[in-house]
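# Sharing a model prediction with you, sequence too.
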Amino acid sequence: MKKRIVIIMIAVMLAIPAAVFAGDGLSIGATAMLMPMQYDEYNDLVPVSLGDIIDNADLIAEQITAEDLMYGAELRLDFSLFQISNLAFYDSDLGVLMGMADAGLYLDLGIIGLGAGVGANYLTDFTDGVILAYNAKVNADLILGPFILSSYVMGYTDDPEAVVDENDIGGIVGVSALFQL
């Protein structure tokens, strides 16, 4: 089942060049993502919850360093009111690709774009893949012609049925600089 989902995601990503001519645009660019972590009462490193990110955004922003960020690429396909996006981060030490794929609604309001989508976080070593978690992402874009500055907040969980409030969801924040082809 998990292999099938990764194969479907790869097929969708291969179909994107053909869809460029039918859609509103393909965008590609660099992204920097922060997945804040903290120590729990057992001295284990665990993700900061989405609720903590929202409540303590100023404190988290003050503590960000370049070493805390993960750098990668973002690929987006916008067509009509829909958006498909994929964030990808390659770890050369482990030889794995970690990604966050999602699909959802996108409103292009001229100079501002707003999106919301759901999808899966996956990990692959190019021979086998696994779904790590499920995500929900919102993004806000500043559209400057073919150049897009984007910020996003993502919540993720490996068990959606166990989520009661925003403190049961891990949080990710990030920014992207995209160029629309």
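Yep, that arrived.

# got the contact list for residue 76?
If a contact means C-beta atoms under 8 Å, 6 or more residues apart in numbering, then residue 76 has 26-28, 83-86, 178 as its contacts. Every C-beta, even on glycine, is put in place using the N, C-alpha and C of the backbone.

# So which of those is the closest to residue 72?
Within these, proximity to residue 72 (C-beta to C-beta) peaks at residue 86, which comes in at 9.9 Å.

# Now do the host helix or strand of that closest one: everything it contacts.
Taking DSSP states H and E as the definition, one finds residue 86 inside strand 82-91. Outside strand 82-91, the residues within contact range by C-beta under 8 Å, 6+ apart are 9, 12-13, 16, 31, 33, 70-77, 96-106, 115, 117, 137, 139, 174, 176.

# Show the buried residues in those residues.
Buried residues within the contacts of strand 82-91, defined by neighbour count using 16 or more other C-beta atoms under 10 Å: 9, 13, 16, 31, 33, 72-77, 96-102, 104, 106, 115, 117, 137, 139, 174, 176.

# Could you list which of those belong to strands?
Of these, the ones assigned to strands by DSSP state E are 31, 33, 72-77, 96-102, 104, 106, 115, 117, 137, 139, 174, 176.

# Residue 58 is in what secondary structure piece?
Residue 58 is part of helix 57-63, with elements assigned from DSSP H and E.

# Describe which strands the strand holding residue 86 pairs with in its sheet and in which direction.
Taking DSSP bridges as the criterion, strand 82-91 pairs within the sheet with strand 69-79 (antiparallel), strand 96-108 (antiparallel).

# Just the buried residues of that strand, please?
Taking 16+ other C-beta under 10 Å as the basis for neighbour counts, the residues of strand 82-91 that come out buried are 83-89.

# ok, of those, which one's closest to residue 111?
Checking the buried residues of strand 82-91 one by one against residue 111 (C-beta to C-beta), the nearest turns out to be residue 83, at 17.1 Å.
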